[in-house]
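>>> Next comes the sequence, and after it the predicted model I'd like to discuss.
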Amino acid sequence: MNRNKWKVLITVAVTTMMATMDASITNIAFPVLTRVFNADVSVVMWVSVAFVLVSTSSMLIIGKIGDMVGRKRIFLVGIAVFTLGLLACSLAGSIGQLIFFRTLQAVGAAMTISCGAAIVTEAFPAHEVGKGLGSLGVSVSLGFIAGPVIGGPLLDFLDWRSIFYVRIPLGLAAFLMAILFLDKDQPRHGKLNLDLRGTLTSTAGIFLFVFGVSQMRDYGLGSFRVVLLAGTGLALIVVFVLLERRAQNPILDPALFKDKVFSSAMGALFLHFGAAPPYMLIIPFYLMLGLQMRASEAGLLMAATSVTTLVFGPASGWLSDRFGRVWFAAIGAAAAGLSFVFMLGFDLQSSTGSVAAVFVLLGVGAGTFQPANNSIIMGAVTREHLGTASALIATQRQVGIAVGMAWTGTLFSAWRDGYQEGLVKLGMDGISASRTAIPLAFHDVLLVSILINVVVVVLCLLPLWPMKQKVTISH
């Protein structure tokens, strides 16, 4: 345990907020970038896509390296690489250079995020890990909220480069804090022995799978492009699992998944984020095109979820430490699922107040589920596997969101087009049909998400069956 646990938490939280802010602050600059570089939207999108692909595919191996050579070293290098990436992005002279420098940033982000939860877990005593991880979750919500709030004025009054260079001082401050407040790494005996075959197959497999499913919305589920990329990625992941069973020093020890607590919590985490994109992806269409809100009004309304998560995260972490993490994870998953049930009532006459109330319930669910779930996962592994577990949490989250975005976008687009065509045949004009089809297709997608959330609740409760099992933290 670290006596400076709160200083450690703040240090990790600052770097986590930098990484989550990066996504939201960069995305709102897309219209500006298309104009400045005279580039098509499909090209500019790679500013975000390249970051997600590189960071997601590298987290697992970086987490393993952190376990082997020391998490503080990896964390410090990650902050330095990320901050240098900010500088390089602000100096980019073409869209190609910007995309390349974003991959540099992605490596730095992966290095900090993959070690973050492990560093916080080590800093807090076993009975307070939920409190620490719940408080860390606040930084994620703050990052998503701060991105548009800060990025908008910067783009209005300065230029696109400002969204990168104004964050350099924060990176330097985080680097200094990490030097001062993080414990020195314990000396590792022996040479670094990395499983090369596992490294290649896991990195390539995750990269191709996430890239493949991300193309589903544009090319369709059964397209050759999607099947080839996602299928090859999935095959490589299977090869990776088979190789790890025989590796002397596996990147991901298969024995971890023999623990029912660990495996069920990991499955619940993946499906939780796989079920979330109907809110993340479709709600903006519903609010802006269905209810005809301005972008600023829609953004402010959706912030209710992040603000609620920000409040409930630390409280849930503290309460789950005292009263049981398994039950709090299940309650949070149930609340998130219930919010989707209430969204089935959204239509073109829904009031702002009723919509906001459901968004708050979703924030309660996410803020309750995630700290408890992460505490269960981190508590199910030994100290030498903390970095791997931390990286696996981040990887599951990113891959889950990518898969969720793919199935949500594909189904919503197909069902909306079908409803719109049917309404036009019934005599409704095109504009009204397009608007009316949005909540109808949204409801169909929500049914899938609700079913996934039911599975999440079952997985959360699985450790209690057939006999009650108390989860403990082992450092």
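In hand now; what should we look at? Residues are numbered from 1 along each chain as shown.

>>> where along the stretch 51-200 of the chain do the helices fall?
71-90, 95-123, 129-157, 162-165, 168-181, 196-214 (DSSP state H, counting those that start in this stretch).

>>> Give me the contacts around the last one.
Residues outside helix 196-214 that contact it (CB atoms under 8 Å, 6 or more residues apart in numbering) are 49, 52-54, 56-58, 60-61, 225-237, 239-240, 243-244, 247, 250-252, 395, 398-399, 402-403, 405-406. (Each C-beta comes from the backbone N, C-alpha and C, glycine too.)

>>> just the fourth one next, same as before
Contacts made with helix 162-165 from outside it, assessed by CB under 8 Å, 6+ apart, are listed as I25, T26, A29, L86, L87, C89, S90, I150, G151, L154, L155.

>>> what's downstream of the strand or helix carrying D218, the next helix or strand?
Assigned by DSSP states H and E, D218 belongs to helix 216-219. Following helix 216-219 in sequence order, the next helix or strand is helix 224-244 (DSSP H and E).

>>> Could you list the buried residues of that following helix?
Judged by neighbour count using 16 or more other CB atoms under 10 Å, the buried positions of helix 224-244 are V226, L229, A230, T232, G233, L236, I237, V239, F240, V241, L243, E244.

>>> Save the residues you listed as CSV, and put in pLDDT and distance to R73 too.
Converted to CSV, the buried residues of helix 224-244 look like this (pLDDT from 0 to 100; distance: CB to CB, whole Å):
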residue, pLDDT, distance to R73
V226, 82, 39
L229, 86, 34
A230, 84, 35
T232, 90, 34
G233, 86, 30
L236, 87, 29
I237, 85, 28
V239, 86, 30
F240, 82, 25
V241, 81, 28
L243, 80, 27
E244, 74, 24
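
>>> and which of these is nearest F270?
Using CB to CB, I237 is the member of the buried residues of helix 224-244 that lies nearest F270, at 13.0 Å.

>>> Skipping its backbone neighbours, what lies nearest that closest one in space?
Spatial nearest neighbour of I237, excluding adjacent residues (CB to CB, 6 or more residues apart in numbering): G205 at 3.9 Å.

>>> rewinding a little: which strands or helices does the helix holding D218 pack on?
Counting by 3 or more CB pairs under 8 Å, 6 or more residues apart in numbering; DSSP states H and E, the packing neighbours recorded for helix 216-219 are helix 224-244, helix 386-425.

>>> Need the residues that contact that helix.
By CB under 8 Å, 6+ apart, the list of residues contacting helix 216-219 from outside reads S223, R225, V226, A230, M405, A406, W407, G409, T410, S413.

>>> returning to what we had before: out of the contacts of helix 162-165, what pair is the most spread apart?
Spatially, the most separated pair among the contacts of helix 162-165 is L87 and L155, at 18.8 Å (CB to CB).

>>> Compare those two and say which is more crowded by neighbours.
Set L87 next to L155 and count neighbours by other CB atoms under 10 Å: L155 wins out with 17 against 14.

>>> quick one: average pLDDT of the helix holding D218?
Mean pLDDT, helix 216-219: 73.

>>> coming back round to it: tell me the most buried of the helices of the stretch 51-200 of the chain?
helix 95-123 (a mean of 24; mean count of other CB atoms under 10 Å).

>>> now that helix, how far from the centre of its chain.
Computed by CA atoms, centre = their mean, to the nearest Å, the chain-centroid distance of helix 95-123 equals 13 Å.

>>> ok, now stretch 45-62?
Averaged C-alpha coordinates place stretch 45-62 at 12 Å from its chain's average position (CA atoms, centre = their mean).

>>> go on, stretch 12-29?
Distance, stretch centre to chain centre, for stretch 12-29: 12 Å (CA atoms, centre = their mean).

>>> What of stretch 21-40?
Taking CA atoms, centre = their mean, one finds stretch 21-40 lying 20 Å from the centre of the chain it belongs to.

>>> Which residues are in contact with A13?
By CB under 8 Å, 6+ apart, the neighbours of A13 are S135, L136, V138, S139.

>>> Adding distance to P277 and pLDDT, write those residues out as JSON lines.
Listed next are the contacts of A13 as JSON lines, based on distance: CB to CB, whole Å; pLDDT from 0 to 100:
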{"residue": "S135", "distance to P277": "26", "pLDDT": "71"}
{"residue": "L136", "distance to P277": "23", "pLDDT": "73"}
{"residue": "V138", "distance to P277": "22", "pLDDT": "71"}
{"residue": "S139", "distance to P277": "22", "pLDDT": "74"}
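
>>> Specify which member of the residues you listed is nearest to N374.
L136 (8.5 Å).

>>> so that closest one touches V120, yeah?
Yes: proximity of L136 to V120 meets the contact threshold set by CB atoms under 8 Å, at 5.4 Å.

>>> Please enumerate the shared neighbours of those two.
L9, V12.

>>> what's the domain layout of the chain?
If you go by automatic domain parsing, the domain ranges for the chain are 1-184, 195-250, 253-475.
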